[in-house]
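>>> Predicted model follows, preceded by the sequence.
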Amino acid sequence: MMRTKAQIFRDEFEKPGLLMRPCAYDSLSAKVIEQAGFRVMGTSGYGISAVAIGEPDIGLLSFGGMFDQCRRIINAVEIPVDVDADTGYGNEENTYWTVRKFAEIGASAVRIEDQTWPKRCGHMSDKQVIGREEMALKIKAAKKAAAEIDPGMMIGARTDSLAVEGLRSTLERINIYAENGADYIYVECPRTHEEIEILVRHSPRPISMNIIPGGKSPFFDPKILEDLGIKYLSLPMICLYPAVKAMREALIALKNGDLQTVKNLGVTWSEFNDIVGLKFWQKLRADLSSVT
C-alpha cells in the first residue's frame, strides 16, 4: 500500500536530528521550497494573512480564507505540508471540523494553538491564552478528526503561555497537552538556551519552536538548537521577508531608472518558467497535438 503524505511526514519527523520546516504563503513559495530540496514544509498563518488580505496576523483572516490558500499550497507540491490552523477557529467542536477539513484536502499535520481569539502572531505583545482544560479538549477533538481521515496524521499543540504565564505554567501545559494526544509541542518564543533545555528535558513529546528575524526569540543557530534537543524548527517568514525586501529594492531601483539592479534582484525568464513548470505543459501540448 502506498504511504500517505501524513505517513511520510511522520517518518521524516521520527528520523534522528533536527527537522527544518520552511513555511510557504502561496503556491509559488511552496514550489520554491520543494525545489530547494526540503523534506517537509509548513504554512505560515502570518504570511498567508499578509498576502491574502494585506493585513497582520491578528485574527482578521477567516477559516475559509486560510483553508482556501492552504488547499492551493498542498495541491502545488508533492512533499508533506504541516498546516497552521490558528486556534481551531472556536471551541473543540470547531476544532474538530477545522482539522477534519484540512485532513480531507491532504494536510500531513495540523497545529493548533492555545491563544484566545482573535489570536496574535506569537511574537506580538498583549497575547492571552485559554484555560488548559479547554485546550486539552481541542487537542482531543483534533486527534479524533485526524484519525477518522488518516491515522498517520500528526497534531501539533502550540502554547503561547511562556510569555503570558511563565515557564512553570508552560511546563504544566506541555504535560497536559501531551497526555491528551499532542504529537509534538510547539513552544512560542523561548528566549534563552536554559529555557530551551528545561522545556526539552521536561516534555514527554518532541519540542518545536520558530525563528523570525527581529522576533522575540534570539536568532539561535540551528546546530545549537539541535544539540539542545529541539526536534522541529519552523521558519515562518523564510520566503516572505526576502521576497518583500527584493520587491521593495527592485521598485526603488525602477523608480530611479536603474533597470540593471532590477534585473540583478530577480530570477530570469527561463529560470522562472522552470520553477512554475512550463516545460511540462509544453511537452503535454506536443504529446496531444497529433491526432490519429
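Structure received.
>>> immediately after the helix or strand harbouring Ile174, which helix or strand?
Taking DSSP states H and E as the criterion, Ile174 maps to helix 167-179. Next along the chain after helix 167-179, taking DSSP H and E as the criterion, comes strand 184-187.
>>> Quick one: mean pLDDT over that next one.
Mean pLDDT, strand 184-187: 98.
>>> Run through who's touching that strand.
13, 111, 113, 154, 156-159, 162, 170, 174, 177-178, 199, 203, 205-210, 231-232, 234 (C-beta atoms under 8 Å, 6 or more residues apart in numbering). In short, each C-beta sits where N, CA and C put it, glycine included.
>>> Against which helices or strands is the helix holding Ile174 packed?
Helix 167-179 sits against helix 132-149, strand 154-159, helix 161-164, strand 184-187, helix 193-202, with contacts defined as 3 or more C-beta pairs under 8 Å, 6 or more residues apart in numbering; DSSP states H and E.
>>> contacting residues around that helix?
Against helix 167-179 from outside (C-beta under 8 Å, 6+ apart): 114, 132-133, 135-136, 139, 157, 159, 161-162, 185, 187, 195, 198-199, 202-205.
>>> Quick one: buried ones out of those residues?
Among the contacts of helix 167-179, those scoring as buried are 114, 132, 135-136, 139, 157, 159, 161-162, 185, 187, 195, 198-199, 203, 205 (criterion: 16 or more other C-beta atoms under 10 Å).
>>> Ala286: which of those is nearest?
Ala157 (49.6 Å; C-beta to C-beta).
>>> For that closest one, list each beta-bridge partner.
Counting by DSSP bridges, Ala157 forms beta bridges with Ile112, Ile185.
>>> list the contacts for it?
Arg111, Ile112, Glu113, Asp114, Met135, Ile139, Tyr177, Ala182, Tyr184, Ile185, Tyr186.
>>> Correct me if wrong: the first one contacts Thr159.
No: assessed by C-beta atoms under 8 Å, Arg111 is found out of contact with Thr159, at 10.8 Å.
>>> in this structure, which ranges drop under the pLDDT threshold?
Residues of the chain meeting the criterion pLDDT under 70: 1, 291-292.
>>> how about the helices of it, start to end?
5-14, 27-35, 45-53, 63-76, 92-104, 132-149, 161-164, 167-179, 193-202, 222-228, 240-255, 259-265, 269-276, 278-289 (DSSP state H).
>>> Now do the buried residues in the fifth one.
Buried residues in helix 92-104, counted by 16+ other C-beta under 10 Å: Glu92, Asn94, Thr95, Tyr96, Trp97, Thr98, Val99, Arg100, Lys101, Phe102, Ala103.
>>> same deal with the longest one?
By neighbour count, with 16+ other C-beta under 10 Å as the criterion, the buried positions of helix 132-149 are 132, 135-146, 149.
>>> Run the chain-centre distance for it.
The chain centre lies 19 Å from the centre of helix 132-149; the measure is C-alpha atoms, centre = their mean, to the nearest Å.
>>> Now do that helix against helix 92-104, angle only.
Taking axes from the mean of the first three to the mean of the last three C-alpha atoms, to 10 degrees, one finds that helix 132-149 is oriented at 30 degrees with respect to helix 92-104.
>>> now do the fourth one
Between the direction of helix 63-76 and that of helix 92-104, the angle (the same axes, to 10 degrees) works out to 20 degrees.
>>> which secondary structure elements does helix 63-76 contact?
helix 27-35, strand 41-43, helix 45-53, strand 81-84, helix 92-104.
>>> Can I get the ones you listed in TSV including distance to Val262?
Below are the helices and strands packed on helix 63-76 laid out as TSV (distance: least, C-beta to C-beta, whole Å):
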stretch	distance to Val262
helix 27-35	19
strand 41-43	29
helix 45-53	21
strand 81-84	32
helix 92-104	39
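>>> Which among these is found nearest to Lys119?
Nearest to Lys119, of those and by C-beta to C-beta, is helix 45-53 at 8.4 Å.
>>> what comes into contact with the closest one?
Residues from elsewhere that reach helix 45-53 (C-beta under 8 Å, 6+ apart): 23-26, 29, 55-57, 60-61, 65-66, 69-70, 84, 86, 121, 236-237, 239-240.
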